[in-house]
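Q: sequence first, then the predicted structure:
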Amino acid sequence: MKKIDIACIIDDDPIFVFGAKKIMQYADFCTAFMIFHNGEEALINLKSIIKAGEKLPDIILLDLNMPIMDGWQFLEEFTKIKTEKRITIYIITSSVDPADVEKSKEYDNVNNYIVKPITLETLQELLQKE
(Lines give C-alpha, C1' and ligand atoms only; values in the text may rest on other atoms or scores of the structure.)
Protein backbone atom coordinates (compact mmCIF):
# COMPACT_ATOMS: atom_id res chain seq x y z
CA MET A 1 0.00 0.00 0.00
CA LYS A 2 1.17 3.50 -0.82
CA LYS A 3 2.41 5.75 1.98
CA ILE A 4 1.92 9.50 2.31
CA ASP A 5 5.07 11.57 2.85
CA ILE A 6 3.64 14.45 4.93
CA ALA A 7 0.16 14.60 6.44
CA CYS A 8 -1.11 17.90 7.82
CA ILE A 9 -3.75 18.00 10.56
CA ILE A 10 -5.55 21.31 11.13
CA ASP A 11 -7.70 20.87 14.22
CA ASP A 12 -8.03 22.64 17.57
CA ASP A 13 -9.03 19.49 19.50
CA PRO A 14 -5.90 18.00 21.12
CA ILE A 15 -7.68 14.68 21.76
CA PHE A 16 -8.59 14.29 18.07
CA VAL A 17 -5.06 15.27 17.00
CA PHE A 18 -3.52 12.77 19.42
CA GLY A 19 -5.88 9.99 18.30
CA ALA A 20 -5.48 10.74 14.59
CA LYS A 21 -1.67 10.69 14.90
CA LYS A 22 -1.77 7.38 16.78
CA ILE A 23 -4.02 5.76 14.17
CA MET A 24 -1.84 7.14 11.35
CA GLN A 25 1.30 5.80 13.00
CA TYR A 26 -0.34 2.40 13.53
CA ALA A 27 -1.47 2.31 9.88
CA ASP A 28 1.97 3.43 8.67
CA PHE A 29 0.03 6.16 6.86
CA CYS A 30 2.73 8.81 6.57
CA THR A 31 6.38 9.61 7.19
CA ALA A 32 5.84 12.97 8.96
CA PHE A 33 3.16 15.24 10.41
CA MET A 34 2.40 18.94 10.39
CA ILE A 35 0.00 19.96 13.12
CA PHE A 36 -1.78 23.32 13.29
CA HIS A 37 -4.43 24.35 15.82
CA ASN A 38 -6.44 26.74 13.65
CA GLY A 39 -6.72 27.89 10.07
CA GLU A 40 -4.73 31.07 10.57
CA GLU A 41 -1.75 29.25 12.07
CA ALA A 42 -1.87 26.74 9.20
CA LEU A 43 -2.16 29.43 6.54
CA ILE A 44 0.77 31.46 7.89
CA ASN A 45 3.00 28.39 8.17
CA LEU A 46 2.04 26.88 4.82
CA LYS A 47 2.67 30.22 3.08
CA SER A 48 6.14 30.31 4.68
CA ILE A 49 6.83 26.75 3.53
CA ILE A 50 5.78 27.64 -0.03
CA LYS A 51 7.89 30.82 -0.01
CA ALA A 52 10.93 28.92 1.27
CA GLY A 53 10.45 26.18 -1.33
CA GLU A 54 10.23 23.49 1.34
CA LYS A 55 8.17 20.30 1.19
CA LEU A 56 4.42 20.75 1.40
CA PRO A 57 2.07 18.16 2.84
CA ASP A 58 0.50 15.62 0.48
CA ILE A 59 -2.81 15.75 2.29
CA ILE A 60 -4.56 18.03 4.77
CA LEU A 61 -7.09 16.78 7.29
CA LEU A 62 -9.14 19.90 7.97
CA ASP A 63 -11.60 20.52 10.79
CA LEU A 64 -14.35 23.06 10.12
CA ASN A 65 -15.12 24.37 13.60
CA MET A 66 -12.05 26.10 15.05
CA PRO A 67 -11.33 29.42 16.77
CA ILE A 68 -9.53 32.36 15.11
CA MET A 69 -9.95 31.05 11.53
CA ASP A 70 -12.30 28.15 10.85
CA GLY A 71 -11.95 25.53 8.14
CA TRP A 72 -14.11 27.39 5.60
CA GLN A 73 -12.09 30.59 6.03
CA PHE A 74 -8.87 28.58 5.66
CA LEU A 75 -10.17 26.97 2.45
CA GLU A 76 -11.14 30.35 0.99
CA GLU A 77 -7.64 31.75 1.56
CA PHE A 78 -5.65 28.60 0.82
CA THR A 79 -7.30 28.01 -2.55
CA LYS A 80 -6.08 31.46 -3.66
CA ILE A 81 -2.45 30.41 -3.18
CA LYS A 82 -0.70 29.07 -6.27
CA THR A 83 1.39 25.97 -5.65
CA GLU A 84 3.11 23.57 -7.99
CA LYS A 85 2.00 20.64 -5.87
CA ARG A 86 -1.63 19.61 -5.64
CA ILE A 87 -2.56 19.07 -2.01
CA THR A 88 -5.58 16.87 -1.35
CA ILE A 89 -7.83 18.17 1.41
CA TYR A 90 -10.12 15.97 3.46
CA ILE A 91 -12.64 17.70 5.67
CA ILE A 92 -12.72 15.82 8.97
CA THR A 93 -15.44 17.26 11.17
CA SER A 94 -18.15 16.50 13.68
CA SER A 95 -20.66 18.43 11.55
CA VAL A 96 -23.33 16.26 9.95
CA ASP A 97 -25.05 19.29 8.42
CA PRO A 98 -26.00 18.52 4.79
CA ALA A 99 -25.28 22.18 3.92
CA ASP A 100 -21.64 21.68 4.98
CA VAL A 101 -21.35 18.53 2.86
CA GLU A 102 -22.73 20.41 -0.17
CA LYS A 103 -20.49 23.42 0.44
CA SER A 104 -17.42 21.17 0.55
CA LYS A 105 -18.19 20.06 -3.03
CA GLU A 106 -17.58 23.64 -4.23
CA TYR A 107 -13.83 23.22 -3.68
CA ASP A 108 -11.86 21.30 -6.31
CA ASN A 109 -9.11 20.25 -3.92
CA VAL A 110 -11.52 18.90 -1.27
CA ASN A 111 -11.55 15.19 -1.92
CA ASN A 112 -13.95 13.93 0.74
CA TYR A 113 -16.09 14.90 3.73
CA ILE A 114 -15.52 12.60 6.69
CA VAL A 115 -17.47 12.73 9.95
CA LYS A 116 -15.38 12.21 13.09
CA PRO A 117 -14.06 10.01 14.54
CA ILE A 118 -11.47 8.90 12.02
CA THR A 119 -10.87 5.15 11.85
CA LEU A 120 -8.17 2.83 10.60
CA GLU A 121 -10.51 1.74 7.80
CA THR A 122 -11.05 5.35 6.74
CA LEU A 123 -7.29 5.96 6.57
CA GLN A 124 -6.78 2.83 4.50
CA GLU A 125 -9.47 4.03 2.06
CA LEU A 126 -7.71 7.41 1.80
CA LEU A 127 -4.41 5.73 1.00
CA GLN A 128 -6.01 3.70 -1.77
CA LYS A 129 -7.37 6.90 -3.36
CA GLU A 130 -4.04 8.77 -3.22
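A: In hand now; what should we look at?
Q: flag every buried residue along the lowest-mean-pLDDT helix or strand in the chain.
A: Of all the helices and strands that make up the chain, the one with the lowest confidence by mean pLDDT, DSSP states H and E is helix 120-129; it has a mean of 77. Along helix 120-129, these residues count as buried under the neighbour rule (16 or more other Cβ atoms under 10 Å): 122, 123, 126, 127. For every residue, glycine as well, the C-beta is placed using N, CA and C.
Q: just checking, the third one touches residue 60?
A: Think residue 126. No: the pair residue 126 / residue 60 is not scored as a contact, 11.6 Å apart, by Cβ atoms under 8 Å.
Q: give me the common contacts of the two.
A: Shared between the contact lists of residue 126 and residue 60 (criterion: Cβ atoms under 8 Å, 6 or more residues apart in numbering) are residues residue 90.
Q: just checking, residue 93 touches residue 61?
A: No: counting by Cβ under 8 Å, residue 93 sits too far from residue 61 to count as a contact (9.9 Å).
Q: this completes my enquiry, with thanks.
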